[in-house]
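**Student:** Quick one: sequence and predicted model below, then my questions.
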Amino acid sequence: MDVVTSELEVPSSVSAPKLFKAYLDFRNLAPKVEPEIFKAIDYIKGDGGVGTIQQTTFVDGTKSKLTVDAIDNNNFSLSTTIFEGGEWMDNVESATMHAKFVPSAANEGSTYKVSSIYKCKDPIKFTQENAKFADEYTKKTFKVIEAYVIANPNAY
């Protein structure tokens, strides 16, 4: 099985702890800040901690499932693996995202770093270009969440 990887870094003026807390609340926050994309996010198993299986229902009716693989509260990082759902999963066995919010030494901000690993069923049908597209989608969602945290400084 072939693997496609990608790396994404997005600087932010928001602190790592605040962004990390917001992402831990992704289940509630994403449908609120991107209602045109996310209809609902439900826990099928677990409570949001490691081992949780989460189902996302998109506005178009499609669904995806992921597992929470790791959460490191001290280092502001989490890992998840999407294993089911959506048209793009026809070409991908799984997609693992390792996200980390790195405090900035220069200011009160941080950098959002995401390493993605796509295990491809068919490397011809899922390429580096597809991974770049997924990174842009991830960046867009991050910027919307960041804007929410900035607009609601006491939320997290």
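**Tutor:** Okay, I see it. Note that the structure is predicted; figures quoted are calculated from it, not measured.
**Student:** Give me the neighbour count for residue 110.
**Tutor:** 24 (other CB atoms under 10 Å). For the C-beta atoms, the positions are set from N, CA and C on the backbone; glycine is no exception.
**Student:** Use 514 as the first number for this chain going forward.
**Tutor:** In the new count, where the first residue is 514, that last one comes out as residue 623.
**Student:** Verify the contact between it and residue 528 for me.
**Tutor:** Yes - counting by CB atoms under 8 Å, residue 623 touches residue 528, with 5.9 Å between them.
**Student:** any shared contact partners between these two?
**Tutor:** Common contacts of residue 623 and residue 528 (CB atoms under 8 Å, 6 or more residues apart in numbering): residue 616.
**Student:** who touches the helix ranked longest in the chain?
**Tutor:** Using DSSP state H to define each element, the chain has its longest helix at helix 641-664. Residues outside helix 641-664 that contact it (CB under 8 Å, 6+ apart) are 517-519, 521, 523, 525-527, 531-532, 535-536, 539, 542-543, 545-547, 550, 601, 604, 608, 610, 625, 627, 629, 631, 668-669.
**Student:** quick one: which of these sit in strands?
**Tutor:** Judged by DSSP state E, those include 517-519, 521, 523, 525, 608, 610, 625, 627, 629, 631 as members of strands.
**Student:** one step back: now which of the contacts of helix 641-664 would you call buried?
**Tutor:** Buried members of the contacts of helix 641-664, counted by 16 or more other CB atoms under 10 Å: 517, 519, 521, 525, 527, 531-532, 535-536, 539, 542-543, 546, 550, 601, 604, 608, 610, 625, 627, 629, 631, 669.
**Student:** What's opposite the closest residue to residue 532 other than its chain neighbours in the beta bridge?
**Tutor:** In space, and not counting its chain neighbours, residue 532 is closest to residue 614: 4.8 Å by CB to CB, 6 or more residues apart in numbering. Taking DSSP bridges as the rule, residue 614 bridges to residue 625.
**Student:** how much space is there between residue 614 and residue 562?
**Tutor:** 18 Å (CB to CB, to the nearest Å).
**Student:** quick one, which of those two is more surrounded?
**Tutor:** Between residue 614 and residue 562, residue 614 has the larger neighbour count (other CB under 10 Å), namely 23 against 10.
**Student:** I'd assumed residue 537 was in contact with that one.
**Tutor:** No - assessed by CB under 8 Å, residue 614 is found out of contact with residue 537, at 10.6 Å.
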